[in-house]
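> mind looking at a prediction? Sequence and model below.
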Number of protein chains: 2
Amino acid sequence: MNVLVIGANGQVGQNIVNLLHDSEQHSVKAMVRKEEQAAELSNRGIESVVASLEDTVEEIISAMNSSDAVIFAAGSGGSTGSDKTLLVDLDGAVKTMEAAEKLGIKRYVMLSALQAHNREKWNEALLPYYAAKHYADKNLEASSLDYTIVRPGGLLNEAGTGQVAIAENLERGSVPREDVAKVIVAVLSIDHSIRRSFDLISGDKSIETAISSI
Amino acid sequence: MNVLVIGANGQVGQNIVNLLHDSEQHSVKAMVRKEEQAAELSNRGIESVVASLEDTVEEIISAMNSSDAVIFAAGSGGSTGSDKTLLVDLDGAVKTMEAAEKLGIKRYVMLSALQAHNREKWNEALLPYYAAKHYADKNLEASSLDYTIVRPGGLLNEAGTGQVAIAENLERGSVPREDVAKVIVAVLSIDHSIRRSFDLISGDKSIETAISSI
């Protein structure tokens, strides 16, 4: 599949782009916000497109064109205000869903956050972020897309182990960003993951085994 | 009907409470955030309940109990940040929908904003507010509730005329808060308004005639 990675310059996004670039099955187009990020990717032989989630749906459609699947790994991050949380993590995400639907792209994988579907479990210090992710996910579940929503626990920079725990509801836990990226790329080839949403932390099962259990 | 007004201390909310209090058909319970607001309402013979949209759904259920209809006229306002826009105007609103559904209250009237359903028309200076209203409305339309979404143009403090224009899409315009309140109270008795959303500005039709045209 030709896969568009939105938020390709983020920490999980970079891992996803690298996995797709090395893959035999997929090709990757990295959506980034800055020309210099695109130039750097180009130097590494990776296709890219410059676009922002604050652009119009029409502009996002142009960026998404000719893709077979979309991975949403973008986030406005902790250094901007809640206005960007609303306009990027929520409305920006929904714009990409609308763009995918308009283009007839069915497959859409969302990087969400542990327990984003469960208001009682939201991290008190990050309520606006969780609210934005919650409503983005809810919008995706109400869409016509073949979605998978991956909700990882605390993201770590240590090397991945490929051993995970996956379930509809998991207690607090953490997981290396590399393993999150592996799960997100793996689900592209696992039809059983379509129209499913799950929490993800480090565990003792292979990714394939863990996903087949849901 | 016993009508719960959420955001009863707001400028439109106060108008709604007064209309319901004077009405023969309805009784009103005013939901406010502060004890002193409740005391002031009590002095005027108006029932009230103290609750916040940042409370849990269970606490909102307690506040909503024994109501036959809900009017949502709350807003976090311009003096707080976009974190409150997300947590009050969006997530707080959705909590009240969940509470209504859990209580089996079907009738729900939302005070929204002109063209909130149409991203291209959002006021550039108020994008986070429009995004929050958009997703609150979208959530309501996807709910099982008998909703009416009233999307007024620029709100004026001048006296109402009772003459309005109502349509699915209207160009920019304004409308007195008193007329917005009159429309919101009127739709409670107009079944034709159930599961409908419309823009509202001042015009040349009576409220009943204008609503019957949609």
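Now that the structure is in, tell me what you want to look at. Numbers count the residues shown, from 1 in each chain, chains lettered A, B, ... in the order given.
> rest of the way, CA atoms for contacts and neighbours
Will do.
> between the helix ranked longest in chain A and helix B:127-141, how big is the angle?
With secondary structure taken from DSSP state H, chain A has its longest helix at helix A:127-141. Relative orientation of helix A:127-141 versus helix B:127-141 (axes from the mean of the first three to the mean of the last three Cα atoms, to 10 degrees): 50 degrees.
> show me which residues of helix A:127-141 are buried.
A:127-137, A:139-141 (16 or more other Cα atoms under 10 Å in any protein chain shown).
> cool, stretch A:148-165 as well?
So for stretch A:148-165, counting by 16+ other Cα under 10 Å, buried means A:148-155, A:160, A:162-165.
> okay, these in TSV with distance to residue B:47, pLDDT and secondary structure next?
What follows is those, written out as TSV (distance: Cα to Cα, whole Å; pLDDT from 0 to 100; DSSP: H, G, I helix; E, B strand; the rest coil):
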residue	distance to residue B:47	pLDDT	secondary structure
A:148	47	98	strand
A:149	44	98	strand
A:150	46	98	strand
A:151	44	98	strand
A:152	46	98	strand
A:153	45	98	coil
A:154	46	97	strand
A:155	49	97	strand
A:160	59	97	coil
A:162	59	97	coil
A:163	58	98	strand
A:164	54	98	strand
A:165	51	98	strand
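> would you mind listing what in chain A touches chain B?
When proximity is defined by Cα under 8 Å from any Cα of the partner chain, chain A lies next to chain B at A:81-84, A:86-87, A:91, A:127-128, A:131-132, A:135.
> dump the residues you listed to TSV, plus pLDDT.
Output for these, formatted as TSV (pLDDT from 0 to 100):
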residue	pLDDT
A:81	92
A:82	94
A:83	94
A:84	96
A:86	96
A:87	97
A:91	98
A:127	96
A:128	96
A:131	98
A:132	98
A:135	98
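> between the residues you listed, which is closest to residue A:6?
Lowest distance from residue A:6 to these (Cα to Cα) belongs to residue A:91, with 13.9 Å.
> what about the closest one, helix or strand, and which?
helix A:91-103 (DSSP states H and E).
> could you check the angle helix B:127-141 makes with that helix?
60 degrees.
> show me what residue A:70 is bridged to.
residue A:4, residue A:108 (DSSP bridges).
> for the closest residue to residue A:174 other than its chain neighbours, what are its contacts?
The spatially closest residue to residue A:174, leaving aside those adjacent along the chain, is residue A:154, at 4.2 Å (Cα to Cα, 6 or more residues apart in numbering or on different chains). Going by Cα atoms under 8 Å, 6 or more residues apart in numbering or on different chains, residue A:154 touches A:173-175, A:201.
> what helices or strands is the longest helix of chain A leaning on?
helix A:91-103, strand A:146-152 (3 or more Cα pairs under 8 Å, 6 or more residues apart in numbering or on different chains; DSSP states H and E).
> out of these, which is the most enclosed?
strand A:146-152 (a mean of 25; mean count of other Cα atoms under 10 Å in any protein chain shown).
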